[in-house]
Each structure stands twice: as C-alpha cells, then as structure tokens.
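Chemist: Fold the following for me, if possible:
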Amino acid sequence: MAGVVEETPDEAGIHQWLSQADFPNNLRKYWFQRYKIWDKYDQGIWMTEDAWFGVTPEPIANKIAAHLGESVPKEKTVIIDAFAGVGGNAIAFALSGRWEQVFAIEKDAKTMKCAKHNASIYGVQNKIFWVKGDCFDVISKRFAGKNNNVIFASPPWGGTEYSADDVFDLSRMEPYNLDKLYKGFSRYSTHLCLFLPRTSDLNQIAQYAPKDKKLEVAHYCIVGASKALCVYFGDFDFGHEDEADDVKRIEQAEVAQD
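Modeler: This next block holds a predicted model:
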C-alpha cells in the first residue's frame, strides 16, 4: 500500500534530502522543483545526486505512460524501461495498470536501490520486475524472439552540456548515441519510444523513419514549457488529446526521410 516509508538510507551516495540546508548547492534548482518531480517527495523519496539530472517529472511520466498504453496494439502486454534510474517511469507504467509485466533495468546498484524504495512509496514495488545489468545485454537475453513487448528508453544524455546547443547532435550523445539506441533496441521490439533532449536534431531522427512512413516526434510540456521530447518508432495509434490536462503532448512534427 502506498504511503510514507520510514526507512532511511544507510549507504553512502543515497540521500533522503528533507531540508534545503542539507541539499547540494550545485543542485539548488532541483530543490525548488522537487514536488514537480515527485508528488510524494516528502513521504521518503530517495535520490542519488546524478538522478536529479535524469529523472522524469511525475506528471510527464504519467502522461507518457498513458499515451504508450493507449496507442500500442492490445497484444503488447510487456513494457521494458531500459534505463530505469530511480524509478520515475517504471512507477508510472506500473500505476497505469495497462501492462501484464513491467520490467525496470538499471545497471547501477545504488540507483536501483533508490528505485525500489521509491516504488514502495507509490505502492507498486511488487508490480515491477527489477533487473540489474546492462540493458542491451539483458534485453538480448530475455526478449529475443518475443513480440509482445514495448521498449521505453530514457538514456543518459552526457550531463547537461546538451542544453548549450540550439540543435543537439544526437551522434554526440554519451554514452549511447541515437544509432546505438535505435539499432540496439529495434531488433527486439517493433514498438520503441526514446526520450531525448528537447533540442534534438529532427533531421537525424528522420533518417530512421521507415521508407514511405513517418515518425511521430512529440514534446511534453508543463505550463507551456517543453520538458521532454519523445520519438515513437512503430505502429502507434494516438487518439484525441485531452485539452484539460496539465501536461500536453504537442506534436513537433511527423518526420520522414527526404
């Protein structure tokens, strides 16, 4: 059952920051965004310092989960969060109730410990299959030859340097560039969603559109500001957008090869 979890971190590098005085100065802006990132932040959320750069804000994670669940064929019953981090997206997938199985893959032990703890706050720790390891290796071994899964991937972007460019070169994304991500995942699923920097180069993305078909690229916005860009590879069928929602999915473009 969801609720306050009294357990406190007992390992270096895992934090439960409850006051601004204890919060790292270099992460100051995230302290003021903590409730936008985690609605239940005060109920005992655990984070690593690096996790603040990559965690998906809860409203956006919930909206992405809803769109994925609604837009893929019903026979797709498994969702794989390839870079689970501290659990934001995996928790949203589990809460949606759409999937028979939710897999969360994370190679860093401390980050995964945070994710499991955070999932317990939301009451879904037992609805997620936690797998520690390299996502490409795990997926190749567990999901080869299976056709009922969808892969969601929010990869590391190589720090905050991406925000300095008006148009971000996805071939320079570290440690995995767009080509590595697409080729590494598309062989194991016909439905792939990549969460990328909002300034990503659409011309580069378009090179991966099937012949004579388009890819949907969408911005997810909160109060008019773009917080994420998702690229949907596969046969996604998006329905009507609810204009009353706080988080909008706004089509940037349907991109195709020239």
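Chemist: Which residue is the nearest non-sequential neighbour of Ala66?
Modeler: Ser96 (6.5 Å; C-beta to C-beta, 6 or more residues apart in numbering). For the C-beta atoms, the positions are set from N, CA and C on the backbone; glycine is no exception.
Chemist: Next, the contact list for that neighbour, please.
Modeler: Ser96 sits next to Asn62, Ala65, Ala66, Gly69 when contact means C-beta atoms under 8 Å, 6 or more residues apart in numbering.
Chemist: Ile80 belongs to a helix?
Modeler: No. Under DSSP: H, G, I helix; E, B strand; the rest coil, Ile80 sits outside any helix and is assigned strand.
Chemist: To what extent is it buried, counted in neighbours?
Modeler: 29 (other C-beta atoms under 10 Å).
Chemist: how does the protein divide up, domain by domain?
Modeler: Domain assignment for the chain by the TED database gives 14-52, 57-233.
Chemist: which of those domains is buried the deepest?
Modeler: Mean neighbour counts were compared across these using mean count of other C-beta atoms under 10 Å; the top stretch is domain 57-233, at a mean of 19.
Chemist: What mean pLDDT does that one get?
Modeler: Across domain 57-233, pLDDT averages out at 93.
Chemist: Is it possible to get CSV of the domains of the chain that adds distance to Glu7?
Modeler: As requested, the domains of the chain are exported to CSV (distance: least, C-beta to C-beta, whole Å):
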stretch, distance to Glu7
domain 14-52, 7
domain 57-233, 7
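Chemist: Of those domains, which is nearest Glu6?
Modeler: Shortest separation from Glu6 across the domains of the chain is recorded for domain 14-52, at 7.0 Å, computed as C-beta to C-beta.
Chemist: ends of that closest one, how far apart?
Modeler: End-to-end distance of domain 14-52: 12 Å, with C-alpha to C-alpha, to the nearest Å as the criterion.
Chemist: Tell me the gap between it and the middle of its chain.
Modeler: Average the C-alpha atoms of domain 14-52, do the same for its chain, and the two points are 18 Å apart (C-alpha atoms, centre = their mean, to the nearest Å).
Chemist: next one: stretch 201-216
Modeler: 21 Å.
Chemist: Quick one: end-to-end length of that stretch, please.
Modeler: Termini of stretch 201-216 sit 14 Å apart (C-alpha to C-alpha).
Chemist: hey, where'd the helices end up in the stretch 1-150 of the chain?
Modeler: For the stretch 1-150 of the chain, the helices defined by DSSP state H, counting those that start in this stretch occupy 28-32, 34-37, 51-54, 58-71, 88-96, 109-121, 135-142.
Chemist: need those in CSV with distance to Lys183, can you?
Modeler: Output for the helices of the stretch 1-150 of the chain, formatted as CSV (distance: least, C-beta to C-beta, whole Å):
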stretch, distance to Lys183
helix 28-32, 33
helix 34-37, 31
helix 51-54, 22
helix 58-71, 21
helix 88-96, 22
helix 109-121, 25
helix 135-142, 10
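Chemist: so which of those helices comes closest to Gln43?
Modeler: Taking C-beta to C-beta, helix 109-121 is the member of the helices of the stretch 1-150 of the chain nearest to Gln43, at 5.2 Å.
Chemist: I am finished for the moment; much appreciated.
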